[in-house]
Structure formats: structure tokens, C-alpha cells
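Undergrad: take this sequence and fold it.
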Amino acid sequence: MKTQSPAIELASLEKSFAGESIEIDLQGCCRDLIGSEPHIREYLEQVLTMLELTAYGACHLVRNGTSAADMGYSMFQLTESFSVSAHFVDESSCAYIHIFSKKSYDWPKLVSFSQQFFESKKSKFNNNIRH
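TA: All right, here's what the predicted structure looks like:
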């Protein structure tokens, strides 16, 4: 069986780049900030600007959850190149953010910005290149 060289495999992956996604989990957020519809909308606007994305349609931002343990705002925004979504949990002061874009972006800057914007005490993230 013939195998490709690493250089050929890398070239194939670069050609098949479909986008980049990141999941950011923020813990110990300021409850006033994650519970504020205007603050969440401002976060979305700044993320779209930072990543040079254009919103496609209106932002969906609603309070939802099945119990006090998961109640909070959920946000979803389509963009010209995929989507931005998040859920903010009041009781645990956590935020769960997901961004998927056709564009490559500075994800360390995005994680740091998100932490600062919601005054998070702790964060973890997972960044993926999609092919």
C-alpha cells in the first residue's frame, strides 16, 4: 500500500480548509454581565467586528432553560460564513460560547477578550481546524 508523504498530506489539508471552530467555557463570570441582554448583544457585535464577520439576519437571543440549574440567555447568530452561539447560565455563572467560521482567526485573542468581557475567573477552550 502506497502512502503519501507528510508534505503532500499537509498540502491536501491546506486546500481542504473548511473553517475554524472554537468552544470557550467561561466559569465564575459576573452574573450581572451574563444576565444582561444589552451586554450579550454588545459582546456579539464586538466579536463580529474582531473576526471581520458579517451578521446574516437577526440575532436570536432568548432566556431559556428547563430548570434553575440551566436557566439563562441563549444566543444564536448566523454569519456570512457560519455562526456564533452561546448559552449563559445564571445559577452557575458560566458561559458556553461556540464560534465556527470559514475564516481563520486569532483564537488566543478571542479567548482573552471573552474572559475579560464577562469578567470570568477561569476558562477552558477547544479550538479545531475543520477540513
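
Undergrad: use CA for all of it now, contacts and neighbours both
TA: Noted.

Undergrad: ok, Cys30 touching Gln116?
TA: No: Cys30 is not in contact with Gln116 according to CA atoms under 8 Å; the separation is 10.2 Å.

Undergrad: which of those two has more residues huddled nearby?
TA: Between Cys30 and Gln116, counting by other CA atoms under 10 Å, Cys30 is the more crowded of the two (16 against 12).

Undergrad: which residues touch that one?
TA: The contact partners of Cys30, by CA atoms under 8 Å, 6 or more residues apart in numbering, come to Ser93, Phe118, Glu119, Ser120.

Undergrad: top of these by neighbour count?
TA: Taking other CA under 10 Å as the neighbour criterion, Phe118 ranks highest of the contacts of Cys30 with 23 neighbours.

Undergrad: which residues touch it?
TA: Cys29, Cys30, Leu33, Ile34.

Undergrad: skipping adjacent residues, who's closest to the first one in space?
TA: What sits nearest to Cys29 in space, not counting adjacent residues and going by CA to CA, 6 or more residues apart in numbering, is Ser120, at 4.1 Å.

Undergrad: any idea how far the one you found is from Ala68?
TA: When CA to CA, to the nearest Å is applied, the distance between Ser120 and Ala68 equals 21 Å.

Undergrad: equivalent analysis for Val84, please.
TA: For Val84, the distance to Ala68 - CA to CA - is 24 Å.

Undergrad: which one of the two has more residues nearby?
TA: Taking other CA under 10 Å, Val84 and Ala68 do not tie; Val84 has more neighbours (23 against 12).

Undergrad: give me the next element, helix or strand, following the helix or strand containing the more buried one.
TA: Secondary-structure assignment from DSSP states H and E places Val84 in strand 82-89. Toward the C-terminus, strand 82-89 is succeeded by strand 94-101 as the next helix or strand (DSSP H and E).

Undergrad: fine, thanks again, bye for now.
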